[in-house]
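[1] with the sequence up front, the predicted model follows.
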Amino acid sequence: MLSNNYKTALVTGASSGIGEATVKMLSSKGYKVSALARRKSKLKKLSTETGCEVIIMDIRNTKEIEKLKNYSFDVFINNAGLGRGFTKIYKTKAEDILTTIDTNVQAFLQLLRCVTPSMVKKKRGHIINIGSIAGLYPLSSSVYGGSKGAVHLISQNLRLELSGTGVRCTEINPGRVDTEFFDVAFDSKKEAMKMKTGLKMLESVDIAESIMFALESPAHVNISSIEITPTEQAPGGVKIESI
C-alpha cells in the first residue's frame, strides 16, 4: 500500500542555507533527521537547536558514502552542491571543473546508489533532488549549468526507475537563493555581490517549504518537478521595469 507516513530523513549539505533550513523544518514536523555535512562546528550547533543526528562526511569521498548503506531513511534530501566554475568555460579553472562535477554529479549519484536500496526494499520513501533553474534553461556557465542539467536528467530517469516501487522522486529547481552559494562560487566578492543585488532573492525557508509541499502531498501523488524563482527573476536574466 502506498504510504507517505515518513518518520526519518537524511539531509546533505546541512550545515547552512537550504540544507540547514530543511533540517529545522523537518525537525519541527517531528522527523528524526540526520544532518550530513563537512563542517563539524556548524552541525553541532544545528544539533543543539533541533536535536538532529550529526553525520560529518565529505560526500566526494566514495568510501565514506558507502557507510550510508547501514542506515534506512524514509526521506532523502539530496541537497549538497556548489557552483565553482560559474563563469564562462574559457575562463574556468581546471580544478573548479573537477570540484563541481565531483560534488554535483559524481557524489550526487553515489549518494543515490547507497541510499535508495533500503527505500525500494521497504517500498516506501521519497527522494528530493535539489537542482537549479540553471539546469533547465541556458545560463552563461557551461560547468555549473551542465552539472545541474545532469541533475535534471538523472531525476527524470530516476523517476522512471522507481516507478512501481512506492518510492517518490521530486526535483526542486530554485532560482537565486540568499545563501553562501555565490560567496563560494566566486573568488571575487564584487562578482558575488553582483549576483545578489537588483532583486529580492528567495530565502532558504522558501525552498524548505516547497520540499514540505512535495512530502506532504497524498501518497498517490508524485510532485515530479518544482520551479521556484524570485518574482523579479525569470529564465534568461533579471529585468526590473515600472508597470
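    Structure's in. What do you need?
[2] so residue 59 touches residue 107, yeah?
    Yes - assessed by CB atoms under 8 Å, residue 59 is found in contact with residue 107 at 4.1 Å. For glycine as for every other residue, the C-beta is placed from the backbone atoms N, C-alpha and C.
[3] who touches both of these two?
    65, 80 (CB atoms under 8 Å, 6 or more residues apart in numbering).
[4] kindly list the longest strand within this protein.
    The longest strand of the chain (DSSP state E) is strand 167-174.
[5] elements contacting that one?
    Judged by 3 or more CB pairs under 8 Å, 6 or more residues apart in numbering; DSSP states H and E, strand 167-174 is in contact with helix 108-122, strand 125-130, helix 142-162, helix 204-216, strand 225-228.
[6] average pLDDT across the first one?
    Mean pLDDT, helix 108-122: 98.
[7] got the buried residues for it?
    Residues of helix 108-122 classed as buried: 108, 110, 111, 112, 114, 115, 116, 118, 119 (neighbour count, 16 or more other CB atoms under 10 Å).
[8] pull the contacting residues for the second one.
    Applying CB under 8 Å, 6+ apart to residue 110 gives the contacts 59, 62, 65.
[9] which of those residues are buried? Put it as a ChimeraX command.
    The buried residues among these can be selected in ChimeraX (16+ other CB under 10 Å) with this line:
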select :59,65
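[10] could I get the average pLDDT for stretch 152-160?
    So the average pLDDT for stretch 152-160 ends up being 98.
[11] oh, that last question was meant for stretch 24-40, not what I typed.
    Mean pLDDT, computed over stretch 24-40, is 97.
[12] for it, list the C-alpha coordinates in CSV.
    Output in CSV follows, covering the C-alpha atoms of stretch 24-40 (Å, rounded to 0.1, in the frame of the first residue of the first chain):
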residue,chain,number,x,y,z
LYS,A,24,15.0,22.8,11.0
MET,A,25,11.6,22.4,9.2
LEU,A,26,11.7,18.6,9.2
SER,A,27,12.6,18.5,12.9
SER,A,28,9.8,20.9,13.7
LYS,A,29,7.4,18.5,11.9
GLY,A,30,8.6,15.6,14.1
TYR,A,31,11.0,13.9,11.8
LYS,A,32,14.1,12.2,13.1
VAL,A,33,16.7,14.0,11.0
SER,A,34,20.2,13.0,10.1
ALA,A,35,22.2,16.2,9.1
LEU,A,36,25.2,15.5,6.9
ALA,A,37,28.0,17.9,6.0
ARG,A,38,31.7,18.6,6.5
ARG,A,39,31.6,21.4,9.0
LYS,A,40,31.5,19.9,12.4
